[in-house]
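> here's a sequence, model it:
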Amino acid sequence: MRVISMRALEGPNIYCHRPVMVMTLDLERYGLTRTSETGGFCGRLLDLLPGLKNHCCSLGEKGGFVLKLRQGTYLGHVVEHVVLELQALTGADVNFGKTVAASDMGESVYRVIYEYRSSMVAAYLGKRAVALVEALLRGDAFDLAGIIGEAKRIALETDLGPSTGAIVQEAKSQGIPVTRLNEGSLVQLGYGKHRKIIEATIAWNTRAVGVDIAQDKVLTKRMLENAGIPVPRGRTARGAREAVDVAREIGYPVAVKPVNGSQGRGVTLDLRSESEVRNAYKIASYYCPSVLVERYISGKHYRLLVVGDRVVAASERIPAHVIGDGIHDIETLIEIANASELRGEGHEKPLTKIAVDPVVLAFLVKQGRSLKYVPAPGEVIFLRENANLSTGGTARDVTDLVHPDNALIAVRAAQVVGLDVAGVDLVARDISLPIDAEEARGGWGAWGAVIEVNACPGLRMHLYPSEGRSRPVAQALVETMFPRGHDGRIPIVSVTGTNGKTTVSRLVARMLKKAGYKVGLACTDGVFVDGRRILHADASGPRSARMVLSDPEVEAAVLEVARGGIIREGLGFDRCDVAVVTNVRGDHLGQDGVDTLEDLIWVKSLTVEVVKREGHAVLNADDSSAAFMSERCPGSVIYFSTHPGNVRVRRHVFQGGKAVYLKSGKVFAVLPQAENASVDMGCAQNRGNRTGYARRTEYIADVKDIPLCFEGRARFNVENVLAAVGVGVALNLPREVIVGTLKEFEPNEIDNPGRFNLIEALNEVKKDSISVVIDYGHNEDALRSTLALARGLCKGGRVISVICSPGDRRDDCIRAIGRAAAQSDLVIVKEDVDLRGRRPEEAARLLVDGLKEAGFSDDRIMVELDEAKAIDLAVRLAVPGDILVVYYEKYGRVVAAIEDALKRAHYVPVKNVPIKTSGGDVDIMHRDEGDANPQGGIQNVVGCGGRFKEGVRSAKIPGAIPEALKKECGENLYGGWNEEGEGEVRAASGDAVFISSNDRSD
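The predicted model follows:
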């Protein structure tokens, strides 16, 4: 057997909403072997892993897997159950598993999917599970204990510790999203502007300077003393002799500890002689050459956990000890104690195993004992004086016993050091009595003192006390960052589908921006934060989604979700407020195990499955996927349709649902009457129906007023607009925001680059024009839609298309693209640079085959594989009135090729880009030969730019006006912007706009 690959899916995925590992496994010669054909394999397997007898498998009851073994099942399925059982033996609570044939990779290849808690442990045990099955098939022995031991070691190094784990679980219980940032304890809680980053109990608001101060015990002690907080006398020493001198100066007994130590390491207490101090210095200097020698305060050791301005828990810490039985020596009693299920290595369990180190040996000698001493029954033998849990100590909850004065001292100590979360260590005779009660008579330390203030305090003693009850310390920590009821989330809109994803994503992002949000957008064109591109790449996968959701500026997220990312990595978010599915068409079939349209619908439905219960799925009621999608939505559904009589929409509305539809060229939204919209959406029509649901129909806009719709001719963009309106309805955005966005959003290279961008090109020599369309269409449906629109916009000329196809599509899908292109008058076939596994010219030949299948004649087909040459050929073949439709692989490359081709043919591109002015939107350099300008040509030029002086429409503009404009317009050059760039006049119909700026983005 051979493990081909291991892939961890961290977020919700097509297999499970919890993290899973996908192991691609080649069973090789065992590919068709069933367990019923393997002799004694099943018996050996169950003897080694008896826990498999409890696996239910698909039968849903214990023993189900054993029955499958006896009946005969394939070995990939066996590996799945073995790896789940191995994880269970490490303590991981995992249940989900699935094995599917990877037929696209060979008949012996399977994908073994299994749930995990630690990705590194899961990857290790996945490979070991394969080795185990192979060993048992051969009848060889297998070192199970060694494998489990190694897995536990990996888990100890990579799993969250108990403190971080408790905080994470508390956050999840409050609905706060959690993102682990490394293999340590660095975790992000929340999304976008609400995100907080913690590392163990170092919270988001914890000051770095406070942590630094707390690590310096001498500085901490001095600051506390200066603040009037009782602390033991003492100072530092950098040698054994100096340590003895300090001890003699302050008086015995003393304690010696490393200046920058933690968790009780290197600490020795109650030293009463020079020799003890010298030995203690030797131990402490192992951790730090500079040690703190201070007066030893006798009493009980307490840890008070301060969070914010209050003590949320307190524990009495009891040093590591054993209790004699009259039979076993101390060394054996330690081994017995360490065998307890409650004790583990480091912080993996409620208690830490007791380590025998020089401190323990020295303390036993001090008591006149050794490891070979046999204590009497009931005799308590303390093994060290410090009471840290990390050195084997235990804890007793005393939260309810803390005197208010002591709580105040602890809070003040944390504040003096500068910590919002701190573990304040006190020594006191009794925590229920104020430690400074006898300050005047006995001096500080007579009744108790603060001996340490710790940053990043452990929570174990408060979560798992040996006596008393657990305290909700993780809740207190989380609530310092997220007040109760705040889930740390921002509005998330996911957009998936076959066609229209990017346009809808951009349109929704603009809508949210207009509503006042700083928007994070991840789409095919890159990652954008508040309109700034921060990543130039195809960003429609989970990594880009996580990039957006981790950005502290982002107040709302719009995430395009592509099929490939869902399959390969899952989702980059756990839940969303709105999930849009534009449509599902037969694209990408035959890839990643997705062979049918139903498979593709299943994949894309994942985004709908993670909609919040109070959220919405916005679904295309005209699409075949709608019924299946709606059943999988935990929230509400908003349908959109271009057909007012759509039965699904009518039924949905009849039952009180929401919908957006097109009727007579106008966009309407249907909302329940009982629901309060954020604003009056205007033109409301109240109705009742036989179900008792009151509803209102709201007029949104006329498609003639929506640039994307090309006066209703762009049917595909009408659908995209309806989907975006559905999102606006779902998010309760004001009507003026929705309508304003629809009227402002243009189909150009600024607002919607690469999506049916129409360019008029004027020939400087012949004074005629052609049109060029740039579009990303790469499947049959997209080409049919865009070419139909091009035909509708073409005024008597020809439609010349320059087509290509991604090479990773099935042969029949590529031929279908060719058939769709037959709507053109002339087709030039090119080829992508990235062939995606195809041989050169292979995809082009399939496109030609498709064209011929549609009856397209050879004389109208031209093949030019190089994109730039194909575009140049199209421009040279074009005559006035023709429209060229160019489909591309890379946007920047195709734009450059088009500009070069037009320039060589003496064409000047005239891009219909709106300029926002205070007076409204006007066209830049747009020649209007129509009624608004009966004489033709440009009548006036309205200038804008910081260097133009404030003026009125009659004022002439100084500065460098292009000579061509002077000739065209004479002296009619008018200025209307002041030095702040604020608009003062409105351009009239027939005017052109001349902009002077050193920033093209203006």
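
> what lines up beside the host helix or strand of Val885 in the sheet?
Using DSSP states H and E, Val885 falls within strand 883-887. Its sheet considered, strand 883-887 pairs with strand 769-775 (parallel), strand 799-803 (parallel) by DSSP bridges.

> of these, which stretch is the most buried?
With neighbours defined by mean count of other C-beta atoms under 10 Å, none of these is more surrounded on average than strand 799-803, at a mean of 26. (C-beta placed from N, C-alpha, C; glycine too.)

> residues making contact with it?
Under the criterion C-beta atoms under 8 Å, 6 or more residues apart in numbering, residues 783, 787, 790-791, 817-818, 821, 823-830, 847, 867, 870-871, 874, 877-878, 882-887 lie in contact with strand 799-803.

> can you say which of those are buried?
783, 787, 790-791, 817-818, 821, 823-830, 847, 867, 870-871, 874, 878, 882-887 (16 or more other C-beta atoms under 10 Å).

> which of the residues you listed fall within strands?
Counting by DSSP state E, the part of those found in strands is 826-829, 883-887.

> Val356: which of these is nearest?
Nearest to Val356 among these is Tyr887, at 73.7 Å by C-beta to C-beta.

> hmm, Asp775 and that closest one touching each other?
Yes - using C-beta atoms under 8 Å, Tyr887 is in contact with Asp775, at 5.8 Å.

> what average pLDDT does stretch 119-134 get?
Summarised as a single mean, pLDDT over stretch 119-134 is 96.

> what's in contact with stretch 777-795?
Contacts to stretch 777-795, defined as C-beta under 8 Å, 6+ apart, come from residues 498-499, 583, 585-587, 710, 713-716, 756, 758, 771, 773, 775-776, 799, 801, 803-806, 809, 813, 816-817, 819-821, 823-824, 881-883, 885, 887.

> ranges for the helices of the stretch 301-450 of the chain?
Remark: helices assigned in the stretch 301-450 of the chain by DSSP state H, counting those that start in this stretch are 330-338, 358-366, 404-417, 439-442.

> tell me which of those helices sits nearest to Ala92.
Proximity to Ala92 (C-beta to C-beta) singles out helix 330-338 among the helices of the stretch 301-450 of the chain, at 22.3 Å.

> just checking, what packs against that closest one?
Contact here means 3 or more C-beta pairs under 8 Å, 6 or more residues apart in numbering; DSSP states H and E; on that basis helix 330-338 packs against strand 321-323.

> buried ones in the strand it packs on, by neighbour count?
Of the residues in strand 321-323, 321-322 count as buried by neighbour count, 16+ other C-beta under 10 Å.

> list the contacts of it.
330, 333-334, 336-337, 354, 375, 378-383.

> thinking again about what came up before, and among the helices of the stretch 301-450 of the chain, the most buried is which?
Compared across the helices of the stretch 301-450 of the chain, helix 404-417 shows the largest average neighbour count, a mean of 20 (mean count of other C-beta under 10 Å).

> the helix or strand harbouring Tyr110 pairs with which strands?
Using DSSP H and E, Tyr110 sits within strand 109-115. Strand 109-115 sits in its sheet next to strand 20-26 (antiparallel), strand 97-101 (antiparallel), going by DSSP bridges.

> average pLDDT for stretch 790-810?
For stretch 790-810, mean pLDDT rounds to 92.

> just the endpoints, please. Distance across it?
When the termini of stretch 790-810 are compared using C-alpha to C-alpha, to the nearest Å, they are 27 Å apart.

> now do stretch 265-283
End to end - C-alpha to C-alpha - stretch 265-283 spans 9 Å.

> please apply the same query to stretch 655-665.
End-to-end distance for stretch 655-665, by C-alpha to C-alpha: 25 Å.

> next: stretch 391-409.
End-to-end distance for stretch 391-409, by C-alpha to C-alpha: 26 Å.

> now do stretch 657-671
End-to-end distance (C-alpha to C-alpha), stretch 657-671: 7 Å.

> now stretch 142-161: buried residues?
142, 147-148, 150-152, 154-156, 159-161.

> which of the residues you listed sits closest to Gln188?
Using C-beta to C-beta, those come closest to Gln188 at Leu160, 13.0 Å.

> now do the contacts for that closest one.
So Leu160 contacts 168, 180, 185, 187 (C-beta under 8 Å, 6+ apart).

> those in strands, which ones?
If you go by DSSP E, the contacts of Leu160 have 180, 187 in strands.

> of the contacts of Leu160, buried ones?
Counted by 16+ other C-beta under 10 Å, the contacts of Leu160 give 168, 185, 187 as buried.

> need the worst-confidence member of the residues you listed.
Pick the lowest pLDDT in the buried ones among the contacts of Leu160 and you get Ser185, at 89.

> verify the contact between it and Glu199 for me.
Yes - counting by C-beta under 8 Å, Glu199 is a contact partner of Ser185 at 5.2 Å.

> any common contacting residues for these two?
Counting by C-beta under 8 Å, 6+ apart, the shared contacts of Ser185 and Glu199 are Thr164.

> CA atoms only: put the helix ranked longest in the chain into CSV for me.
Looking across the chain with DSSP state H, the single longest helix is helix 119-138. Once non-C-alpha atoms are left out, helix 119-138 reads as follows in CSV (Å, rounded to 0.1, in the frame of the first residue of the first chain):
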residue,chain,number,x,y,z
SER,A,119,-3.7,17.6,12.2
MET,A,120,-0.2,16.5,12.9
VAL,A,121,-1.3,13.5,15.1
ALA,A,122,-3.9,12.6,12.4
ALA,A,123,-1.3,12.6,9.6
TYR,A,124,1.1,10.5,11.7
LEU,A,125,-1.5,8.0,12.7
GLY,A,126,-2.9,7.8,9.1
LYS,A,127,0.4,6.5,7.9
ARG,A,128,0.8,4.2,10.9
ALA,A,129,-2.7,2.8,10.3
VAL,A,130,-1.7,1.8,6.8
ALA,A,131,1.5,0.2,8.2
LEU,A,132,-0.6,-1.6,10.8
VAL,A,133,-3.0,-3.1,8.3
GLU,A,134,-0.1,-4.2,6.1
ALA,A,135,1.7,-5.8,9.0
LEU,A,136,-1.4,-7.8,10.1
LEU,A,137,-2.1,-8.9,6.5
ARG,A,138,1.4,-10.4,6.6
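
> between that helix and strand 109-115, how big is the angle?
Following axes from the mean of the first three to the mean of the last three C-alpha atoms, to 10 degrees, one obtains 130 degrees for the angle between helix 119-138 and strand 109-115.

> so for the helix or strand just after helix 119-138, mean pLDDT?
Sequence-wise, the next helix or strand downstream of helix 119-138 (DSSP H and E) is helix 144-158. Here helix 144-158 scores 93 as its mean pLDDT.

> and stretch 490-505, by the same measure?
So the average pLDDT for stretch 490-505 ends up being 96.

> I'm done for today, thanks for sticking with me.
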